[in-house]
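1. sequence plus the predicted model coming up.
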Amino acid sequence: MGNREQTILVVSNDAVLCAAVRREFDAKLTGVRVAAVSSINAARRIVQEDAPAAILLQEESVVEEAEGPRGLAPTLEAVVASLAVYAPVVVVGLAEKHPELSALIEAGAADYVRRNGGNLRAAMQSIKRHLHLEKHEAVLAPERFENGEEDFGEVLRHELNNPLTGILGNAELLLAEIHRKNDGKLPHGGEQRLETIAALAVRLRETVRRLSLEWEARQHPVH
């Protein structure tokens with residue numbers, strides 16, 4: 001993984017933002033490529049073909065999108081959950097939207113940067129952190145278990161706890177609302193919660209896969 005080109009996907013119709021990201025990463029970091037699109041649909045096509053290391057999403061891109069039989073715009077949570085299946089999402093948006101993504105943020109599937117004068121710097125730092133984690137994770141992870149530095153059980157509990165908490169929390173809220181209404185229909189916002197549950201479940205599966213590889217590397221080191 002160390003030599004593989006890393007892709008940053010920027011979802012925004014703000015030319016200034018896209019240019020700033022390109023200057024920061026294309027010009028300064030070797031092996032990093034910035035791909036920019038202006039719509040959620042275009043972003044979904046790209047993530048399926050070229051798994052990015054991180055996604056930078058401007059909230060306005062979601063607000064301007066309309067889909068579904070009634071032409072309703074998808075919620076921010078639903079969009080971020082669908083993209084977080086493929087890579088961590090760094091969202092730049094209004095402060096009041098932050099609570100909507102709490103489950104995904106707590107699970108490590110998304111970061112939220114409030115839109116203000118310093119948002120670009122904070123967003124860049126979040127993206128760099130995700131690039132670093134993806135690039136060095138496979139190489140450095142086995143070292144965590146060497147010489148008894150970290151117990152595998154403790155690592156497992158720590159890394160699985162956040163996505164599990166998000167899955168259980170959203171499922172419990174959805175079930176409570178279904179039981180309260182008791183009309184056989186999915187309650188308002190139910191589809192978005194299911195999107196979040198699905199995204200966190202995929203992230204949980206990937207975490208288990210990664211930890212299994214780390215354990216194998218520890219048990220059968222390459223000399």
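-> Cool, the structure landed.
2. and the helix or strand Glu177 falls within, what does it pack against?
-> Secondary structure assigned from DSSP states H and E places Glu177 in helix 152-181. For helix 152-181, the elements it packs on are helix 102-106, helix 190-219, judged by 3 or more Cβ pairs under 8 Å, 6 or more residues apart in numbering; DSSP states H and E. Placement of C-beta: from N, CA and C, glycine included.
3. now with 10 Å, please.
-> With contacts defined as 3 or more Cβ pairs under 10 Å, 6 or more residues apart in numbering; DSSP states H and E, helix 152-181 has these neighbours: helix 76-84, helix 102-106, helix 190-219.
4. ok, which of those helices comes nearest Arg115?
-> In terms of Cβ to Cβ, the element of these nearest to Arg115 is helix 76-84, at 12.9 Å.
5. one step back: would you indicate which residues of the helix holding Glu177 are buried?
-> Val155, Glu159, Asn162, Pro163, Leu164, Gly166, Ile167, Gly169, Asn170, Leu174 (16 or more other Cβ atoms under 10 Å).
6. then stretch 18-29?
-> Cys18, Ala20, Val21, Arg22, Glu24, Phe25.
7. please parse the chain into its domains.
-> Residue ranges for each domain of the chain read 6-139, 141-219, as given by automatic domain parsing.
8. against Arg44, how distant is Ala107?
-> Going from Ala107 to Arg44 by Cβ to Cβ, to the nearest Å gives 20 Å.
9. hang on, the earlier thing: just the helices and strands packed on helix 152-181: most buried one?
-> Among the helices and strands packed on helix 152-181, ranked by average contacts under mean count of other Cβ atoms under 10 Å, first place goes to helix 76-84 (a mean of 25).
10. could you pull up the mean pLDDT of that one?
-> Per-residue pLDDT values across helix 76-84 average out to 83.
11. dump that helix to CSV, restricted to CA.
-> C-alpha atoms of helix 76-84 as CSV (Å, rounded to 0.1, in the frame of the first residue of the first chain):
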residue,chain,number,x,y,z
LEU,A,76,-26.8,14.9,4.8
GLU,A,77,-26.7,11.9,7.0
ALA,A,78,-27.9,9.6,4.2
VAL,A,79,-25.3,10.9,1.7
VAL,A,80,-22.4,10.8,4.1
ALA,A,81,-23.4,7.3,5.2
SER,A,82,-23.4,6.1,1.6
LEU,A,83,-20.0,7.6,0.8
ALA,A,84,-18.5,6.5,4.2
